[in-house]
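Peer 1: sequence first, predicted coordinates after that:
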Amino acid sequence: MAERKVKNILLCGGKVKVVSPELTPLLSRRRARGEIEHIQALYQKRYLRGASFAFAATSDRNMNARIAMDATQAGLLVNVCDSARESSFILPAVLRCRGITLAVSTDGLSPAKAVCVRDRLKEWIGEGEICSPGKKNRKAG
């Protein structure tokens, strides 16, 4: 989950700081290329200083709740991967395919369902004429 969030923030030109004792292989490569900053440690409230917003995307429910509380108290927007209720913003599941961008949201009620719908759309668009090179768009009307 953190990999996807990092990728999307970087695509939008954002700066990313990951606080974690370990990184996935993909995030390690991003760090090696200088794309992200990595703080190799367990989360502490002080790591929120200077942030514009925060993501709580750990596998520990209690830690995510703590990050949400700290971020909220610091006046930051926060997205909590396992709790829309604790999030001050939610993100849609986004599909980018050959010049088409689609966003699917369930208003935070079921992010897994949004991802499923996005993936089904990806299959449909990827196989259909809409994404086939060389096809001209038909004009409406």
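Peer 2: Looks like it came in fine.
Peer 1: domain assignment for this structure?
Peer 2: 2-80, 93-131 (automatic domain parsing).
Peer 1: any buried residues in the last one, and which?
Peer 2: Residues of domain 93-131 classed as buried by neighbour count (16 or more other C-beta atoms under 10 Å): 93, 95, 104-106, 108, 111, 114, 117-118, 121-122, 125. C-betas here are computed from N, CA, C, even on glycine.
Peer 1: check stretch 36-55 too.
Peer 2: Result for stretch 36-55 [16+ other C-beta under 10 Å]: buried residues 36, 38, 43, 47-48, 54-55.
Peer 1: the residue nearest the centre of the chain and residue 54: what is the separation?
Peer 2: Most central in the chain under C-alpha atoms, centre = their mean is residue 5, positioned 2.5 Å from the mean C-alpha point. Distance from residue 5 to residue 54, counting by C-beta to C-beta, to the nearest Å: 11 Å.
Peer 1: need the overlap of contacts for these two.
Peer 2: Shared contacts of residue 5 and residue 54 (C-beta atoms under 8 Å, 6 or more residues apart in numbering): residue 79.
Peer 1: helices along the protein, start to end?
Peer 2: 2-11, 25-32, 61-73, 111-127 (DSSP state H).
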